[in-house]
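Peer 1: here's a sequence, model it:
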Amino acid sequence: MGSWKDIKSSVKPTFDLDLESITGSPESLVDNLPPPELTPEEIAAGIALFKQHLAKMPKSQSEPIYHCVGDIVASELHIAAGTVFVGEEYGSPGLFVLHVGTLTMLTNAGVRKVSAPFIEVVAKNAQRIGVAHTDVVALVITA
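Peer 2: The predicted structure follows:
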């Protein structure tokens, strides 16, 4: 598996993160995520590396439930406590609504711990990565 050093030629991150050395709880994975002052390109590259690491971990059995009305799609997410997740990229802007629970997530705005009720605008192609501290129910609404 690569490290942040492998992507320096394309995005020049300002830190090094060795995913193979991270062990322990899901929270420790999030605690070792990069600092929030990164460019969107650096965040995207970091998420890609993190997804490679997550591919080796046990998989969640939870799949999104999709609700559609015309061109509006709501992805309903049920995330179990302790789950480390990488969200989908959506091709249009939308809303992220945390209806139940608490999670820590990395977004283009940095690492944040949020609790329900929480809502924010999601930029086109934004992707979330994080850990659920409690059971979580969230919606991502796009058009």
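
Peer 1: pull the contacting residues for the closest residue to residue 124 other than its chain neighbours.
Peer 2: Among residues not flanking residue 124 along the chain, residue 93 sits closest, at 4.9 Å (C-beta to C-beta, 6 or more residues apart in numbering). For every residue, glycine as well, the C-beta is placed using N, CA and C. Going by C-beta atoms under 8 Å, 6 or more residues apart in numbering, residue 93 touches 121-124, 142.

Peer 1: now do 7 Å
Peer 2: Taking C-beta atoms under 7 Å, 6 or more residues apart in numbering as the criterion, residue 93 is in contact with 121-124.

Peer 1: one more: residue 139?
Peer 2: 74-76, 97, 99.

Peer 1: list the buried ones in the host helix or strand of it?
Peer 2: In the assignment (DSSP states H and E), residue 139 maps to strand 136-142. Buried residues in strand 136-142, defined by neighbour count with 16 or more other C-beta atoms under 10 Å: 136, 138-142.

Peer 1: what does stretch 69-89 give?
Peer 2: Residues 73-75, 77-79, 83-87 are the ones in stretch 69-89 that count as buried (16+ other C-beta under 10 Å).

Peer 1: closest one to residue 41 out of those, please.
Peer 2: Distance to residue 41 across those (C-beta to C-beta) is lowest for residue 86, with 16.9 Å.
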